[in-house]
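Student: the amino acid sequence is not available; the structure is as follows:
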């Protein structure tokens with residue numbers, strides 16, 4: 001499995017609720033529509049009240065962490081091709097401007113290692 005991570009910063013002046021509402025009601029449906037090759041699309045919203053900031057920082061560097069999971073390398077490669085299509089790229093750029101600071105977007109793939117701790121409830 002391949003996992004792509006996106007660290008997202010809310011658009012300046014946007015409340016946490018506005019950011020979350022837009023992400024869930026507009027951007028997430030768009031992403032699932034244009035990237036059907038993804039297995040799972042998970043959004044994690046950072047709780048600013050429970051966050052430890054980097055030394056010297058006065059605000060969170062990111063407001064959300066999104067995860068796109070792909071079952072196979074073929075699915076991931078299909079995603080890369082789709083993401084580079086001019087029509088999909090244009091739709092995402094236009095949508096991103098409504099809720100995020102695109103210049104702060106950080107995107108990368110990760111290798112996942114797990115160490116189970118206890119049994120799930």
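Tutor: Received, thanks. Given the structure is predicted, the values throughout are model-derived calculations rather than measurements. Residues are numbered from 1 along each chain as shown.

Student: and the helices in the chain?
Tutor: 16-22, 28-34, 73-84, 86-96 (DSSP state H).

Student: format these as a markdown table; extra columns: mean pLDDT.
Tutor: Below are these laid out as a markdown table (pLDDT from 0 to 100):
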| stretch | mean pLDDT |
| --- | --- |
| helix 16-22 | 97 |
| helix 28-34 | 97 |
| helix 73-84 | 96 |
| helix 86-96 | 95 |
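
Student: for residue 46, grab phi and psi.
Tutor: phi -70, psi 130 (degrees, to the nearest 10).

Student: just give the number of residues close to it.
Tutor: By other CB atoms under 10 Å, 16 other residues sit near residue 46. C-beta coordinates here come from the backbone N, C-alpha and C atoms, glycine included.

Student: quick check: the gap between it and residue 35.
Tutor: Per CB to CB, to the nearest Å, residue 46 is found 23 Å from residue 35.

Student: go on, residue 120?
Tutor: From residue 120 to residue 35 the distance is 28 Å (CB to CB).

Student: of those two, which one has the most company?
Tutor: Using other CB under 10 Å as the criterion, residue 120 and residue 35 rank with residue 35 on top: 19 against 4.

Student: find the nearest non-adjacent residue to that one, please.
Tutor: residue 79 (5.7 Å; CB to CB, 6 or more residues apart in numbering).

Student: is it true that that neighbour touches residue 70?
Tutor: Yes - applying CB atoms under 8 Å as the test, residue 79 and residue 70 come out as touching, 6.4 Å apart.
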